[in-house]
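S.K.: I would like to see how this sequence folds:
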Amino acid sequence: MQPQQPGYSSSHVYLELLADLPWQNASEEHELDLRAAKGVLTMIIMLKPDARGPVLCFVGPPGIGKTSLASSITAALD
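M.R.: Numbers count the residues shown, from 1 in each chain. Below you'll find the predicted structure:
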């Protein structure tokens, strides 16, 4: 990719971030308690009953389809 191309800077920053992550370090695996998570989310819904749905966060470099995916979900849900 040439430095003059659109998206070069953001792609470069993203790749630098990936390269700087401590890939050799590992954390302990924890058992997930899905029932507890469901309980917490249910309480959140009870605090804001007029909420229309969950908040989704799409993360990734430019050009992989985050906006297209969000648009498709929105269109499917009308």
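S.K.: tell me which helix or strand comes right after the helix or strand residue 14 falls within.
M.R.: In this assignment (DSSP states H and E), residue 14 forms part of helix 8-20. Counting by DSSP H and E, the next helix or strand C-terminal to helix 8-20 is helix 34-47.
S.K.: buried stuff in that following helix?
M.R.: Buried residues in helix 34-47, counted by 16 or more other Cβ atoms under 10 Å: none are found. For the C-beta atoms, the positions are set from N, CA and C on the backbone; glycine is no exception.
S.K.: begin at 40, not 1, for the rest of this chat.
M.R.: Yes, from this point I'll number from 40; that puts the last item at helix 73-86.
S.K.: can I get the CA coordinates of it in PDB?
M.R.: Output of helix 73-86 as PDB, limited to C-alpha atoms (Å, rounded to 0.1, in the frame of the first residue of the first chain):
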ATOM      1  CA  LEU A  73     -23.900 -17.200  31.500                       C
ATOM      2  CA  ARG A  74     -26.800 -17.200  34.000                       C
ATOM      3  CA  ALA A  75     -25.100 -14.400  36.000                       C
ATOM      4  CA  ALA A  76     -24.500 -12.400  32.800                       C
ATOM      5  CA  LYS A  77     -28.100 -12.900  31.800                       C
ATOM      6  CA  GLY A  78     -29.200 -11.700  35.200                       C
ATOM      7  CA  VAL A  79     -27.100  -8.500  34.900                       C
ATOM      8  CA  LEU A  80     -28.400  -7.800  31.400                       C
ATOM      9  CA  THR A  81     -32.000  -8.300  32.500                       C
ATOM     10  CA  MET A  82     -31.500  -5.800  35.400                       C
ATOM     11  CA  ILE A  83     -30.100  -3.300  32.900                       C
ATOM     12  CA  ILE A  84     -33.200  -3.800  30.700                       C
ATOM     13  CA  MET A  85     -35.400  -3.300  33.800                       C
ATOM     14  CA  LEU A  86     -33.600   0.000  34.500                       C
END
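S.K.: this completes my enquiry, with thanks.
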